Structures are given as structure tokens and as C-alpha cells.
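J.: give me the fold of what follows.
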Amino acid sequence: MTDLLPGHNFLGDLWAYAARMRRFRRIDWAVYAAWVGLMLGLLVGVAGFLATGAAGGVRYPSYVWNVLVGTVIFIVAIAFDTIGHRTAYREALKQGESLVHHLTIFAGISSVLLLCAAYSFPDAIRIPALVMVALSVFYSGIDEAMHWFRYHAGKSDRIEMWSHFFIFVGHLVMILSWWHWFDEGYPGVAETLAAMGF
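T.: Numbers count the residues shown, from 1 in each chain. Reported below is the predicted structural model:
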């Protein structure tokens with residue numbers, strides 16, 4: 001049984017959802033910090049790389065900046081979503097959603113690592129990278145379906161559903177922009193690496 005939000009107004013529900021953090025145990029804080037921190041690390045790493053290049057006069061195609069835009073959207077969304085997952089919906093996730101989350105995260109992290117490695121080995125890694133990008137999107141879709149089923153059954157709330165919508169938006173904007181960047185031959189990367197002394 002979940003403790004659903006009152007549903008009177010959106011901002012009130014948003015506040016009540018965030019307030020569930022008061023129930024966090026030590027393990028919840030550790031998981032929350034690791035997950036959100038991992039994505040913040042990705043954001044800082046990519047932003048630092050692009051900023052270094054831009055400061056050295058590198059002009060990236062405009063779509064490259066969508067990698068950062070998508071990552072920011074994703075981080076804000078998971079910062080909310082994870083609160084519900086670690087509190088009100090902890091038991092519900094044990095029905096299969098937790099495993100789907102792990103598969104999605106594994107595919108997502110693998111896709112980013114492979115896209116980075118594909119700079120040096122584009123022919124060898126193109127297909128594995130594409131497979132992991134596709135699987136990260138596929139399992140995100142399964143996760144969305146499971147969340148909508150739970151919402152329809154009255155075992156979720158609109159804040160969780162909105163956070164999942166923006167997780168999907170952020171993930172797609174980030175990973176498809178990144179794939180396009182790779183597919184175009186990573187314009188600006190060689191110049192940035194040179195500016196960094198590599």
C-alpha cells in the first residue's frame with residue numbers, strides 16, 4: 001500500500017513529494033547520492049570538456065549543447081523520482097520495476113562509455129554503441145509502461161509520472177544528441193583535445 005499525495009494542487013503535491021526525503025534512511029541517502037552524483041559527474045565532465053574547447057576557440061555544432069541540456073533535465077527528474085522510489089513506492093518496485101531500472105541504467109551507462117570509446121575506435125564500436133543506445137531507450141519504454149500500469153491501478157501519483165516523463169525527455173535529448181555527434185565524426189573533439197594538450 002502506498003501513501004498517495006492529496007492531489008489538491010500541483011505545487012502542493014510537488015512539495016509533499018520532496019518532503020518524503022525526511023523518511024530517508026542511511027542507505028537511501030547513499031543510493032540517492034550515488035545515483036544523482038553519478039549524473040552530476042557526467043554533467044560536470046561534459047560541461048568542462050565543452051567549456052575548455054569553447055575557451056580555446058572551438059566552435060561546436062549547436063546540437064552538441066543538447067547533450068548538456070538533456071543531462072540537466074535528466075538530473076532534475078531523477079532527483080525527484082528517486083525520492084518516491086526510496087520511500088512511498090519502495091515495495092511496489094519489487095514487483096519487477098527495480099530490475100527494469102537496473103537494466104535501463106546499465107544500458108544507459110554502457111551506451112555513454114561506448115560512445116566515448118567510439119571516438120578512438122569508431123568502426124569497431126559503432127554497432128555495440130548503437131545496440132546499447134537502443135536498449136537504453138527500449139528498457140526506458142518498458143519502465144514507462146510499468147509506471148503507467150501502476151498509476152492506473154492507483155499505486156502512483158502525478159509527480160512520479162511527470163518526473164518519469166522528464167526522465168524520458170532528458171535521456172532522449174542527451175543520448176540522441178550524443179549519438180548524432182559521434183555519427184558526424186565528433187566535430188570539435190580533436191581541437192578540444194589539442195587545446196588540452198593531448
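J.: and the lowest-mean-pLDDT helix or strand in the chain, what's buried?
T.: Least confident helix or strand of the chain, by mean pLDDT, DSSP states H and E, is helix 90-93 with a mean of 86. Across helix 90-93, burial judged by 16 or more other CB atoms under 10 Å covers 92-93. Where C-beta positions appear, they are placed from N, C-alpha and C, glycine not excepted.
J.: for that helix, which outside residues touch it?
T.: Residues outside helix 90-93 that contact it (CB atoms under 8 Å, 6 or more residues apart in numbering): 2, 85, 101, 150, 155-156.
J.: just for the chain, where's the confidence low?
T.: 1-7 (pLDDT under 70).
J.: which residue ranges of it form helices?
T.: For the chain, applying DSSP state H gives helices covering 10-19, 26-55, 66-86, 90-93, 97-117, 122-152, 158-183, 189-195.
J.: what is the third one packed up against?
T.: Contact here means 3 or more CB pairs under 8 Å, 6 or more residues apart in numbering; DSSP states H and E; on that basis helix 66-86 packs against helix 10-19, helix 26-55, helix 158-183.
J.: go again using 6 Å as the cut-off
T.: helix 26-55, helix 158-183 (3 or more CB pairs under 6 Å, 6 or more residues apart in numbering; DSSP states H and E).
J.: cool, the longest one as well?
T.: Using 3+ CB pairs under 6 Å, 6+ apart, the elements in contact with helix 122-152 are helix 97-117, helix 158-183.
J.: quick one: distance of the shortest one to the chain centre.
T.: Helix 97-117 sits 10 Å away from the centroid of its parent chain (CA atoms, centre = their mean, to the nearest Å).
J.: can you list contacts of that helix?
T.: By CB atoms under 6 Å, 6 or more residues apart in numbering, the surrounding residues in contact with helix 97-117 are 125, 128-129, 132-133, 135-136, 139-140, 142-143, 146, 178, 182.
J.: Throw together a PyMOL command that grabs the buried residues out of these.
T.: Restricted to buried positions by 16+ other CB under 10 Å, the PyMOL selection for the contacts of helix 97-117 reads:
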select buried, resi 125+129+132+133+135+136+139+140+143+146+178+182
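J.: tell me the one of the contacts of helix 97-117 nearest Ser163?
T.: Nearest to Ser163, judged by CB to CB, of the contacts of helix 97-117 is Asp143 at 12.0 Å.
J.: what's the residue nearest the centre of the chain in contact with, if anything?
T.: The centroid of the chain falls nearest to Phe74 when counting by CA atoms, centre = their mean (4.4 Å). Under the criterion of CB under 6 Å, 6+ apart, the neighbours of Phe74 are 170-171.
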